[in-house]
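S.K.: Next comes the sequence, and after it the predicted model I'd like to discuss.
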Number of protein chains: 2
Amino acid sequence: MTSHAAAEPIRTAITDEDGIDFAIIELFFFAYRDFTSDPDQILADYGFGRAHHRVLHFVNRRPGLTVAELLDVLKITKQSLARVLKQLIDTDHIVQLQGPRDRRQRELYPTAKGRALALALARPQSRRIHAALEDSGATERAVIERFLEAMVNPELRAQIDIVPAKMSGKSHGDH
Amino acid sequence: MTSHAAAEPIRTAITDEDGIDFAIIELFFFAYRDFTSDPDQILADYGFGRAHHRVLHFVNRRPGLTVAELLDVLKITKQSLARVLKQLIDTDHIVQLQGPRDRRQRELYPTAKGRALALALARPQSRRIHAALEDSGATERAVIERFLEAMVNPELRAQIDIVPAKMSGKSHGDH
DNA sequence: GAAATTATGTCAGCACTATTGACGTATTTT
DNA sequence: AAAATACGTCAATAGTGCTGACATAATTTC
């Protein structure tokens, strides 16, 4: 049998020459890794993980969203959410209110405690972003925002636009 | 203490007005989520996870790196790497060679099979990036690269530069 | 009003990725 | 010879995700 059990090692590095954008792929990995490392340390003090952060974030961003809406945004299952959400409720970071129109629904709202934690988690991330944009003007910022948005699946881009990016009035729309 | 068991719900959304850059924080989350979803589907066919992808990626990017170097790049522990690496070796995606200078070290190299899988995983990600940069020129690309690099911890930025971003010759340097 | 559907909660079990601690072995350095 | 290093491995644990099944309350449909 000439079939060496061990296949031949390839000694040359994979590079962009293969038509693949490894530069940005790798940058994205490192950037996100460090981006999430800041809040991770704070979360550890609470015995929370990244899942808690995400829930807390979106409940603060869209107070009153229902469990189903949250599942849709996070793209996880009900059972995965359950544990995390229960902990956040038990620790008074989030409260549930019965839906006004449909009483089966539970609208999720942050408490003052939950709002404070969300801000504390976002602060180092925002600081990092500001530092990265240090010498950048509005133009560069727009380029980056457009790029990130374009990286999101088109079908899901709607989720982003729901967020009150600029609410001058307090018109809640049709909710 | 008037401690009502249920804390008051906050009904207003958290916004950038708090001095926090929620827009980019959120975009970054969605972008990375979808960015990783493409390879995740391919990996599922192999019974692999994201951890396998990361190992495979860096072994292809820096053939011959040692286990210790890999741990340093991934920022995980030896034990976490062990299973994943073993699987990749058992399935002939990666081979280990004894270090030439220090025989305690195991240099990691991709096989042809491992190289092919790394490319297959990178392809949809690269396609997504290209689509996102569709109408962008070199300037915009540079802005985005600079931003992503600036998001990485300064101490760790060295790891990125190690990567052969532009190798015209095949001079391996001092390795 | 009864039946079907919907929104949510929960239980049980499983998989993957990560963690820490401890120990063994081969090899290099001191 | 002793200490330090690189790596592998065993055992136990945590966090987060999954699927399937089932219960309850409320709404919608017939």
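M.R.: Ah, there it is.
S.K.: Do you have the strands of chain A handy? List them.
M.R.: Counting by DSSP state E, chain A has strands at residues A:65-66, A:94-98, A:106-110.
S.K.: out of those strands, deepest packed?
M.R.: Of all these, strand A:106-110 carries the top mean neighbour count, a mean of 23, counting by mean count of other CB atoms under 10 Å in any protein chain shown. Just so you know, the C-beta spots here come from the backbone N, C-alpha and C atoms, and that holds for glycine as well.
S.K.: quick one: which of the strands of chain A is nearest B:Arg127?
M.R.: Closest to B:Arg127 of these is strand A:65-66 (CB to CB; 32.3 Å).
S.K.: And the contacts of that closest one?
M.R.: Strand A:65-66 is contacted from outside by A:58-59, A:73, A:99, A:105-108, using CB atoms under 8 Å, 6 or more residues apart in numbering or on different chains.
S.K.: And DNA strand C, is that strand touching that?
M.R.: Yes. With CB under 7 Å from any atom of the strand as the criterion, DNA strand C is reached by strand A:65-66 at A:Thr66.
S.K.: For that strand, give the mean pLDDT please.
M.R.: Averaging pLDDT along strand A:65-66 gives 94.
S.K.: Let me know whether it sits next to DNA strand D.
M.R.: No. Judged by CB under 7 Å from any atom of the strand, strand A:65-66 makes no contact with DNA strand D; its nearest approach is 12.4 Å.
S.K.: Is DNA strand C within reach of stretch A:45-59?
M.R.: No. Contact of stretch A:45-59 with DNA strand C (CB under 7 Å from any atom of the strand) is absent, the minimum separation being 10.7 Å.
S.K.: Give the buried residues for that stretch.
M.R.: For stretch A:45-59, burial by neighbour count (16 or more other CB atoms under 10 Å in any protein chain shown) applies to A:46, A:48, A:51-59.
S.K.: now swap in stretch A:108-119 and tell me
M.R.: Neighbour counts over stretch A:108-119 (16+ other CB under 10 Å) mark A:108-111, A:114-115, A:117-118 as buried.
S.K.: got the contact list for it?
M.R.: Residues from elsewhere that reach stretch A:108-119, judged by CB under 8 Å, 6+ apart: A:46, A:56-57, A:59-60, A:63-67, A:70, A:85, A:88, A:91-97, B:7-11, B:14, B:18, B:20.
S.K.: Find the residue at the geometric middle of chain A.
M.R.: Geometric centre of chain A, nearest residue: A:Arg54, 5.6 Å, by CA atoms, centre = their mean.
S.K.: Contact partners for that one?
M.R.: If a contact means CB under 8 Å, 6+ apart, then A:Arg54 has A:74, B:29 as its contacts.
S.K.: Return the distance of it relative to A:Pro39.
M.R.: 10 Å (CB to CB, to the nearest Å).
S.K.: can you count the residues close to the residue nearest to A:Pro124 when sequence neighbours are not counted?
M.R.: Closest residue in space to A:Pro124, ignoring its immediate chain neighbours: A:Asp38 at 3.7 Å, by CB to CB, 6 or more residues apart in numbering or on different chains. Per other CB atoms under 10 Å in any protein chain shown, the neighbour tally for A:Asp38 reads 18.
S.K.: Give me the pLDDT for A:Ala142.
M.R.: A:Ala142 is given a pLDDT of 93.
S.K.: cool, and the one 4 residues further on?
M.R.: Turning to A:Arg146, the model gives it a pLDDT of 94.
S.K.: same thing with A:Phe58?
M.R.: pLDDT, A:Phe58: 94.
S.K.: tell me which of the contacts of strand A:65-66 is nearest to A:Leu133?
M.R.: Distances from A:Leu133 to those, taken as CB to CB, are shortest for A:Phe58 (23.7 Å).
S.K.: ok, that closest one touching A:Lys75?
M.R.: No. Using CB atoms under 8 Å, A:Phe58 is not in contact with A:Lys75, being 11.7 Å away.
S.K.: rewinding a little: for DNA strand C, see how far away the residue nearest to the centre of chain A is.
M.R.: To DNA strand C, A:Arg54 is 16 Å away according to CB to the nearest atom of the strand, to the nearest Å.
S.K.: Confirm for me that A:Ile48 is in contact with A:Gln87.
M.R.: Quick fix: residue A:48 is Phe, not Ile. Yes. Counting by CB under 8 Å, A:Phe48 does reach A:Gln87; the two are 7.3 Å apart.
S.K.: Could I get the contacting residues of A:Leu85?
M.R.: Each residue near A:Leu85 by CB under 8 Å, 6+ apart is listed here: A:55, A:67, A:70, A:94, A:108.
S.K.: residues touching A:Arg128, list them.
M.R.: Counting by CB under 8 Å, 6+ apart, A:Arg128 touches A:34-35, A:38, B:151.
S.K.: Farthest-apart pair in the residues you listed, please.
M.R.: Farthest pair in the contacts of A:Arg128 (CB to CB) is A:Asp38 and B:Met151. Separation: 10.8 Å.
S.K.: Show residues contacting the longest helix seen in chain A.
M.R.: Identified as the longest helix of chain A according to DSSP state H is helix A:22-46. Here helix A:22-46 makes contact (CB under 8 Å, 6+ apart) with A:14-16, A:49-50, A:52-53, A:91, A:117, A:120-122, A:124-125, A:128, B:28, B:32, B:35, B:54, B:57, B:61, B:75, B:122, B:125-126, B:129, B:144-145, B:148-149, B:151-153, B:156, B:159-160, B:163, B:165.
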